[in-house]
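Visitor: dropping the sequence and predicted coords here.
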Amino acid sequence: MVTQQDPDQTLPPARPSRRERARAATIDEIKETALRLMHEHGNTDLRFSDIAREMGMTAPALYRYFADRDELLTALIVDAYDDLGTTVAEAREELPVDDLPGRFLAVAAAYRSWAKREPQQFALIFGIPVPGYVAPEEGPTTEAAKRAMGQLKALFSDASERGLLGKPLIDDVDDALAACAQVEHPATVPHGPPLPPETFQACLQCWSSLHGFVILETYGHFDFLPEDARDELFHATVRQAAVTSGFPWPHR
């Protein structure tokens, strides 16, 4: 007996063709090769000729996959932001929603671990700008940055919605910065409405503190400290950032 298919039933997505799978695999290999060469050369500059040679291809063949070096860099930067955003979001969601200090520490620790695990991706989005590269205005890199950096803002939004976000230590905000609090950019979207100016400022100060530690450690400036001492300094930095921002934190 033949039954009529429900027209509202969602059909499974079509399986990519062999050609599509081969193209996707080549794009992934190009990206992986580019990141490896950046790591080996110690910079974020890219040349198609170097990538092609490593892959056993001709440089012109790469243009079938990326229009130019900037398009490849844009793809790598989007990947980096998305990887960072996913990493910190997953770390946050592993803890109960009512454990705000634990979620704050988890986000900070995930950010630190990601930077140490992916130094080249970290350098791409937070290091010295690649010579000659200009990101597309309001393009994929901007959207990826919003998704990634909005994870910190989500912590402050959650604490505020629960009535647990206190007054930041520094609550006077210059008009120039207060105006920025109402503009959509990576620190204010996509997690809910804009933060109040004093909280917006505290959120940025918090990120500055955490990022300052991470970038110093990632580039070896804390190597004079043993690992356990670096860990304790990191935890103290996280605690200081949270407390001065008005974020709920248990007393010691």
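Guide: On my side now, so go ahead. Numbering: from 1, shown residues only.

Visitor: need the helices for this structure, in chain order.
Guide: For the chain, the helices defined by DSSP state H occupy 18-41, 48-55, 59-62, 69-93, 100-117, 119-126, 140-161, 175-180, 197-218, 227-244.

Visitor: out of those helices, which comes closest to residue 133?
Guide: The minimum distance between residue 133 and those falls on helix 69-93, with 5.4 Å, by C-beta to C-beta. Where you see a C-beta, it was placed from the backbone N, CA and C, and this is true even at glycine.

Visitor: ok, residue 242 to residue 129 distance?
Guide: Between residue 242 and residue 129 the distance is 31 Å, computed by C-beta to C-beta, to the nearest Å.

Visitor: more neighbours: these two, which one.
Guide: In this comparison of residue 242 against residue 129, neighbours counted by other C-beta atoms under 10 Å, the higher total goes to residue 242 at 23 against 10.

Visitor: the more buried one contacts residue 249, correct?
Guide: Yes. Using C-beta atoms under 8 Å, residue 242 is in contact with residue 249, at 4.8 Å.

Visitor: common neighbours of the two, please.
Guide: Overlap between the contact sets of residue 242 and residue 249, as judged by C-beta atoms under 8 Å, 6 or more residues apart in numbering, is given by 101, 104.

Visitor: so what does the helix-or-strand element of the chain with minimal mean pLDDT touch, helix or strand wise?
Guide: When each helix and strand of the chain is scored by mean pLDDT, DSSP states H and E, helix 140-161 comes last, with a mean of 83. Helices and strands touching helix 140-161, as assessed by 3 or more C-beta pairs under 8 Å, 6 or more residues apart in numbering; DSSP states H and E, comprise helix 69-93, helix 100-117, helix 197-218.

Visitor: circling back: quick one: the helices of the chain as TSV, columns for distance to residue 133 too.
Guide: Converted to TSV, the helices of the chain look like this (distance: least, C-beta to C-beta, whole Å):
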stretch	distance to residue 133
helix 18-41	13
helix 48-55	14
helix 59-62	17
helix 69-93	5
helix 100-117	21
helix 119-126	10
helix 140-161	10
helix 175-180	25
helix 197-218	20
helix 227-244	31
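
Visitor: of those helices, which is nearest residue 167?
Guide: Nearest to residue 167, of all the helices of the chain, is helix 197-218, at 7.5 Å by C-beta to C-beta.

Visitor: which strands or helices does the closest one pack on?
Guide: Here helix 197-218 is seen to pack against helix 100-117, helix 119-126, helix 140-161, helix 175-180, helix 227-244 when contacts are counted using 3+ C-beta pairs under 8 Å, 6+ apart.

Visitor: just for the stretch 151-252 of the chain, where's the confidence low?
Guide: Along the stretch 151-252 of the chain, the parts satisfying pLDDT under 70 run over 184-193, 251-252.

Visitor: and with 80 instead?
Guide: 181-194, 251-252 (pLDDT under 80).

Visitor: let's have the helices and strands packed on helix 140-161 in a markdown table, adding mean neighbour count.
Guide: Conversion of the helices and strands packed on helix 140-161 to a markdown table gives the following (neighbours: other C-beta atoms under 10 Å):
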| stretch | mean neighbour count |
| --- | --- |
| helix 69-93 | 19 |
| helix 100-117 | 19 |
| helix 197-218 | 19 |
